[in-house]
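Chemist: return a 3D structure for these sequence lines:
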Amino acid sequence: MRQAMISRTGTHRQWVNGFWCCCLITGLTGICGVIRAADAAAGKPATVAEAAKVIDLSTFPLLPGADLQGRRRVAKLSYNAESTVAKAFEFQKQKLAAGKWKELPNSYVSEQAANATYSRDGYTVSLSVIAPGKPGSVMVLLTNHGNVDVKKLPIPKDAKPLYSSPVSTAYVTPEAAEKTAGALRKLLTAQGWQPYGAAGDTQFYKQNAVLLTARAAVAPAQEGKTVIDYSTELMSVEIPAPAETLSLQYADVTAQLLFDTAAASDEIFSFYRKTLASAGWKATTEKPFNSDFKQMLIFRNPAKDMLRLETYTVDEKLRVIVKQQSAAEVAEIEQELQAKNERQKQEKAEKAKNQPQIQAAVKLPAGAKDVKRMKEKIEFTVAAGKGQSTVADLQKQFGKANWKEELATLEQMAGTVTFTRDDKEVMILYIDTGFMPAEITISGTGIDVVEVKGAK
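Modeler: The predicted model follows:
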């Protein structure tokens, strides 16, 4: 049940929440109990900027030697470190306490795992530390669940409380699951929650930066009644989506939204132009542009963040990908590209510097006239009727200098000869009418053609 949600959001659920889920399946609700959440009443769902003022997990202190799992985000933090569960858990507790976060009841600590939930100013943060199997190492997970009190979310009139925790709450109703899901959609959208995809019997909704998971499913342990389960998480970016989508997936770790739709690409571009404009985003081009098989549009906001919108067809449906990058990420990428270009230039220059200069050295005949010497070419003339014999002498010179003759077409009035060596090429071309001086050209590709007296 929760695995689908983890795949859907790309994040990790709190261990305790997963335990409550097991309780729901088995019907052991008495073990779960009821835990009071944060005392502060939740107001309007927070924006990313509002939540970051309370806690920004992209700047939260890390254990020494932390190995981050992807880029750091405002709403979630995941990393590995060399430590014991107890030491890592105590480190996080102290940092949260220093930020005036209140630890809620029912924390759990063992040699293999530790979990706790904290509240401050109406926000809830869950902490998990687990030993993944490698001796002496731990994985630390911190998740901001936002400022929405899940117990105050709307429910059908006949729904009765089943259990509650700081990050989730559940109810039971005699109504069918499908009918209950429809009722929840109507109640939630009336309060400003926007549909944000689905996974099986789980519906997702978004309001500002808070992602709400609403599940309505039949529970055999509850005598076939329908159980409603609410939980929330904060999103690190606020990416909107049309109301009607297929297979929508949001991943906080990559700050990316992906979905399929039956809508045309023009409708999608129009939706994002209009929706993003209200948040200060502006497209960088008047129309979408093509990149390989995709249509793309880039948006920037006053903070210089960047949002990339891509569309392309998959199985007769339109695939839409929306990815947001902060100004700092964009600057970092630009710096990396610039550094890469500089490295490539230096490597190329160093290679050219160390590479031996290849020259085609030739001795011109004694009767050569009108000699024109250039970097990769020498032109000259000889007496009429002497063109072919002069080239024959040049052939011998190049052969002795280890140039390989590839092609030779020698006629009385004109001809060409091509030589190669070390991936370089030299061509000799002559024209000899018999009554005008014969014209001969020796040219190289990427090499210097030089006249050397005494060359054999």
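Chemist: which parts of the stretch 101-250 of the chain are strands?
Modeler: Defined through DSSP state E, counting those that start in this stretch, the strands belonging to the stretch 101-250 of the chain, from first to last, are 102-103, 108-109, 113-120, 123-130, 137-144, 160-164, 168-173, 194-199, 202-207, 210-218, 226-234, 246-251.
Chemist: a markdown table please, covering those strands and showing distance to Ala360 and mean pLDDT.
Modeler: Every residue, glycine included, has its C-beta placed from N, CA and C. Below are the strands of the stretch 101-250 of the chain laid out as a markdown table (distance: least, C-beta to C-beta, whole Å; pLDDT from 0 to 100):
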| stretch | distance to Ala360 | mean pLDDT |
| --- | --- | --- |
| strand 102-103 | 81 | 96 |
| strand 108-109 | 79 | 93 |
| strand 113-120 | 74 | 96 |
| strand 123-130 | 69 | 96 |
| strand 137-144 | 63 | 95 |
| strand 160-164 | 87 | 93 |
| strand 168-173 | 79 | 95 |
| strand 194-199 | 67 | 91 |
| strand 202-207 | 70 | 94 |
| strand 210-218 | 70 | 95 |
| strand 226-234 | 69 | 96 |
| strand 246-251 | 59 | 91 |
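Chemist: mind putting those into a markdown table with mean neighbour count?
Modeler: As requested, the strands of the stretch 101-250 of the chain are exported to a markdown table (neighbours: other C-beta atoms under 10 Å):
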| stretch | mean neighbour count |
| --- | --- |
| strand 102-103 | 13 |
| strand 108-109 | 14 |
| strand 113-120 | 22 |
| strand 123-130 | 25 |
| strand 137-144 | 23 |
| strand 160-164 | 17 |
| strand 168-173 | 23 |
| strand 194-199 | 19 |
| strand 202-207 | 22 |
| strand 210-218 | 23 |
| strand 226-234 | 25 |
| strand 246-251 | 18 |
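Chemist: can you put the ones you listed in CSV and add distance to Lys377?
Modeler: Compiled in CSV, those are given as follows (distance: least, C-beta to C-beta, whole Å):
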stretch, distance to Lys377
strand 102-103, 82
strand 108-109, 81
strand 113-120, 76
strand 123-130, 72
strand 137-144, 66
strand 160-164, 87
strand 168-173, 80
strand 194-199, 66
strand 202-207, 68
strand 210-218, 69
strand 226-234, 69
strand 246-251, 59
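Chemist: so which of these gets nearest Glu336?
Modeler: Nearest of the strands of the stretch 101-250 of the chain to Glu336, taken as C-beta to C-beta: strand 246-251 at 21.8 Å.
Chemist: next helix or strand past the closest one?
Modeler: strand 256-261 (DSSP states H and E).
Chemist: contact partners for Glu175?
Modeler: Pro156, Asp158, Ala183, Thr226 (C-beta atoms under 8 Å, 6 or more residues apart in numbering).
Chemist: which parts of the helix or strand harbouring Ala339 are buried?
Modeler: Using DSSP H and E, Ala339 sits in helix 327-354. Within helix 327-354, no residue is scored as buried using 16 or more other C-beta atoms under 10 Å.
Chemist: list the helices and strands it packs on?
Modeler: For helix 327-354, there is no helix or strand it packs on, judged by 3 or more C-beta pairs under 8 Å, 6 or more residues apart in numbering; DSSP states H and E.
Chemist: helices or strands up against whichever helix or strand comes after that helix?
Modeler: Using DSSP H and E, the helix or strand that follows helix 327-354 towards the C-terminus is strand 359-362. With contacts defined as 3+ C-beta pairs under 8 Å, 6+ apart, the packing partners of strand 359-362 are helix 387-400, strand 438-445, strand 448-451.
Chemist: counting contacts, what elements does the helix or strand following strand 359-362 pack onto?
Modeler: Next helix or strand after strand 359-362 toward the C-terminus (DSSP H and E): strand 369-374. Secondary-structure packing of strand 369-374 (3+ C-beta pairs under 8 Å, 6+ apart): strand 377-382, strand 448-451.
Chemist: got the angle for strand 369-374 vs strand 438-445?
Modeler: 10 degrees (axes from the mean of the first three to the mean of the last three C-alpha atoms, to 10 degrees).
Chemist: just checking: what are the partner strands of strand 369-374?
Modeler: Strand 369-374 has these partner strands in its sheet, going by DSSP bridges: strand 377-382 (antiparallel).
Chemist: show residues contacting the partner strand.
Modeler: Contacts for strand 377-382 (C-beta under 8 Å, 6+ apart): 362, 364-365, 367-372, 390, 437-444, 449-451.
Chemist: tell me where the stretch 51-200 of the chain has helices.
Modeler: For the stretch 51-200 of the chain, the helices defined by DSSP state H, counting those that start in this stretch cover 85-98, 177-190.
Chemist: okay, the angle between the first one and strand 137-144?
Modeler: Looking back up the chat, that one is helix 85-98. 30 degrees.
Chemist: can you list the weak-confidence ranges in this structure?
Modeler: Applying pLDDT under 70 to the chain flags the ranges 1-43, 351-357, 454-456.
Chemist: pick out the residue closest to the middle of it.
Modeler: Nearest to the mean C-alpha position of the chain, by C-alpha atoms, centre = their mean, lies Thr254 at 5.6 Å.
Chemist: that one reaches Arg73, doesn't it?
Modeler: No. Counting by C-beta atoms under 8 Å, Thr254 sits too far from Arg73 to count as a contact (9.4 Å).
Chemist: distance of the residue lying closest to Val322 once chain neighbours are set aside from Lys53?
Modeler: Leaving aside its chain neighbours, Val322 sits nearest to Leu257 (4.5 Å; criterion: C-beta to C-beta, 6 or more residues apart in numbering). Distance, Leu257 to Lys53, using C-beta to C-beta, to the nearest Å: 24 Å.
Chemist: just name the most buried of the helices and strands packed on strand 359-362.
Modeler: Stretch with highest mean neighbour count among the helices and strands packed on strand 359-362: strand 438-445 (a mean of 19; mean count of other C-beta atoms under 10 Å).
Chemist: what does it rub up against?
Modeler: Against strand 438-445 from outside (C-beta under 8 Å, 6+ apart): 360, 362, 376-387, 390-391, 394, 424-432, 449.
Chemist: go ahead and confirm Ile358 touches Val426.
Modeler: No. Counting by C-beta under 8 Å, Ile358 stays clear of Val426, with 9.8 Å between them.
Chemist: residues that sit against both of the two, list them.
Modeler: Joint contacts of Ile358 and Val426 (C-beta under 8 Å, 6+ apart) are Ile447.
Chemist: between those two, which is the more surrounded one?
Modeler: Val426 (24 against 14; other C-beta atoms under 10 Å).
Chemist: many thanks, we can stop here.
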